[in-house]
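Undergrad: Following is a predicted model, sequence given first.
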Amino acid sequence: MQRLYDFIRRHPTGVDTFWAVVLLGLSGVSVVADPSRGSERLPAVPIVIGLCLVVALRRRAPEKMLLLAVAMGVAQLVFGVRPSVANFAMLVITFTVATVGERWASRLALVCSLCAAGLSQLRWPNKPHGNWVQEVFVVIVMTVPFVLAWVLGDSMRTRRAYFDQLEERAARLEREREAQSKVAVAAERARIARELHDVVAHNVSVMVVQADGAAYVMDAAPDQARQALETISSTGRQALAEMRRLLGVLRTGDARESGEYVPQPDVEQIEDLIEQVRQTGLAVDFKIEGTPRPLPSGVELTAYRIVQEALTNTRKHGGPDAGASVRLVYFDDGLGLLVEDDGRGAAHELYEDGGADGAGHGMIGMRERVGMVGGTLDAGPRPGGGFRISALLPLKPAH
């Protein structure tokens, strides 16, 4: 059944031609079999063929087929060819033009539909001296199907236009959303690039200071010089790793525009951040598991920003009386973060479609930061309600 339906949709003109042939056969039989049509048979042949052609080509050229149907109707009145089964084509073309035709054609079809029954009754009255009330009733009954066909077609036109408008609006919103996501990604990458630039600049400054100190005490204190060179070596490796990540970022802004020249936060400042959040009224439970130790600057910055954004989302979307917990876990080869809250949870778009929350694109920033250090991020609703964000940040960048 589905195949037949698909075939009909793919070949509309073929289906119309089939029904036109059926209509031609029925009309021919009715004209030939009616003995009262003796003088009408000769002019009825081209009129019937023309009306069947209207049915066959109604979707390919609805306006032209309407004019052809009007011409065939006028010819019927002129040559006295009484209505037959072929006149069903006029009902079909009225519906078609009201659905897909031009506006002028639709109005013309409505006018002809209102006039056809009256003209037919005047040309071929039922009784020479019939009751005029009966004749009016017959005209109304014959007009109703044409008017209903036009109304149904016009309603379908309006409905199609409405759905086309909805599809166009959905496509436009999708394009705008993609554009906004790209802009958010570019802006976040630019900010990350500025922050990593500060990290790299700090490491290079340390190397310069240590190199100057080593050169100064090279002869007087060789041990101190050796220690300074070791510091330079470790700092240089860390700066090189940060620089590799920096080269993968599309920097699209100027650092001078935002004025962000303050030192970047690290893991030790997370406790101060949580204390600030608590002062706003949000209850936060903070724990550290494992043995704290120095981390790469990029990892510390990423950890701080994730906790900051997660608690911000809790305040924005958690609702009243929400509580949160923050866990920092030091592993041998990485740092684990777990931020949970028991609020009503964030919108689905915040963690599924990239974070287009209309305010800050926070989830986009989290994913970008974690990807910069080669880590993994998982965000979504908790089983018992609320929201959870977990991240694993490796101490060594992924190759």
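TA: Structure's in. What do you need?
Undergrad: on contacts alone, who are the packing partners of the helix or strand hosting Y216?
TA: In this structure, Y216 is located in helix 132-217 according to DSSP states H and E. Judged by 3 or more C-beta pairs under 8 Å, 6 or more residues apart in numbering; DSSP states H and E, the packing partners of helix 132-217 are helix 88-100, helix 103-123, helix 222-247, helix 255-258, helix 297-317, helix 362-372. In short, each C-beta sits where N, CA and C put it, glycine included.
Undergrad: For the chain, give me the ranges with low pLDDT.
TA: Applying pLDDT under 70 to the chain flags residues 35-38, 126-130, 194-203, 205-206, 241-264, 345-362, 396-399.
Undergrad: who's sitting farthest from the centroid in it?
TA: Residue farthest from the centre of the chain, counting by C-alpha atoms, centre = their mean, is A220 at 70.6 Å.
Undergrad: Tell me the secondary structure of that one, please.
TA: The three-state assignment at A220 reads coil, by DSSP: H, G, I helix; E, B strand; the rest coil.
Undergrad: Now it, what are its backbone angles?
TA: Torsion angles at A220 (phi, psi; degrees, to the nearest 10) stand at phi -80, psi -40.
Undergrad: Residues contacting stretch 115-133, please?
TA: 73, 77, 80, 82-83, 90, 134-135, 138-140, 142-143, 146 (C-beta atoms under 8 Å, 6 or more residues apart in numbering).
Undergrad: how about 6 Å then?
TA: For stretch 115-133, contacts defined as C-beta atoms under 6 Å, 6 or more residues apart in numbering pick out L77, R82, E135, V139, M142, T143.
Undergrad: Quick check: the third one vs M142, distance?
TA: So the one you mean is E135. To M142, E135 is 11 Å away according to C-beta to C-beta, to the nearest Å.
Undergrad: again with the first one
TA: For L77, the distance to M142 equals 15 Å [C-beta to C-beta].
Undergrad: next one: V208
TA: Taking C-beta to C-beta, one finds V208 at 100 Å from M142.
Undergrad: Counting neighbours, go ahead and name the busier of these two.
TA: Here V208 and M142 are compared on neighbour count by other C-beta atoms under 10 Å; more neighbours surround M142, at 15 against 11.
Undergrad: Over to L337: give its phi and psi.
TA: Dihedral angles for L337 - degrees, to the nearest 10 - are phi -130, psi 140.
Undergrad: how about it, what does it touch?
TA: Residues in contact with L337 (C-beta under 6 Å, 6+ apart) are A303, I306, A391.
Undergrad: Name the SS class of P125, please.
TA: Following three-state DSSP, P125 is assigned to coil.
Undergrad: how many other residues sit next to it?
TA: Counted with other C-beta under 10 Å, P125 comes out at 12.
Undergrad: For the remainder of this discussion, apply numbering that starts at 332.
TA: All set: I'll call the first residue 332, so the last point we hit is now P456.
Undergrad: How much space separates it from E371?
TA: In terms of C-beta to C-beta, P456 sits 17 Å off from E371.
Undergrad: Over to F419?
TA: Computed with C-beta to C-beta, the distance linking F419 and E371 is 18 Å.
Undergrad: L724: what's it in contact with?
TA: V630, T633, G665, L666, V704, G706.
Undergrad: most surrounded residue in those residues?
TA: Neighbour counts for these (other C-beta under 10 Å) peak at T633, which has 28 neighbours.
Undergrad: Pretty sure R390 sits in a strand.
TA: No: secondary structure of R390 (three-state DSSP): coil, not part of a strand.
Undergrad: residues contacting the closest residue to L355 other than its chain neighbours?
TA: Spatial nearest neighbour of L355, excluding adjacent residues (C-beta to C-beta, 6 or more residues apart in numbering): C383 at 4.3 Å. Applying C-beta under 6 Å, 6+ apart to C383 gives the contacts A351, L354, L355.
Undergrad: And for G345?
TA: Per C-beta under 6 Å, 6+ apart, neighbours of G345: none.
Undergrad: How far does stretch 455-471 sit from its chain's centre?
TA: Centre-to-centre, stretch 455-471 and its host chain are 59 Å apart (C-alpha atoms, centre = their mean, to the nearest Å).
Undergrad: And for the residue nearest to R390 when sequence neighbours are not counted, the neighbour number?
TA: Of all residues not flanking R390 in the chain, P343 sits nearest, at 5.3 Å (C-beta to C-beta, 6+ apart). Counted with other C-beta under 10 Å, residues neighbouring P343 total 12.
Undergrad: correct me, but P343 touches L388?
TA: No: at 10.9 Å, P343 and L388 do not qualify as touching, with contact defined as C-beta atoms under 6 Å.
Undergrad: Okay, and A710 sits in which element?
TA: Using DSSP H and E, A710 sits in strand 707-712.
Undergrad: Return whichever helix or strand comes after that strand as PDB; C-alpha atoms alone will do.
TA: Toward the C-terminal end, the helix or strand that comes next after strand 707-712 (DSSP H and E) is strand 718-725. Output of strand 718-725 as PDB, limited to C-alpha atoms (Å, rounded to 0.1, in the frame of the first residue of the first chain):
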ATOM      1  CA  PHE A 718      22.600  18.400  37.300                       C
ATOM      2  CA  ARG A 719      26.000  16.900  37.200                       C
ATOM      3  CA  ILE A 720      29.300  17.900  35.500                       C
ATOM      4  CA  SER A 721      32.300  15.700  35.700                       C
ATOM      5  CA  ALA A 722      35.700  16.200  34.000                       C
ATOM      6  CA  LEU A 723      39.000  14.400  33.900                       C
ATOM      7  CA  LEU A 724      42.000  16.600  33.100                       C
ATOM      8  CA  PRO A 725      45.300  14.800  32.300                       C
END
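Undergrad: Brilliant, that's me finished.
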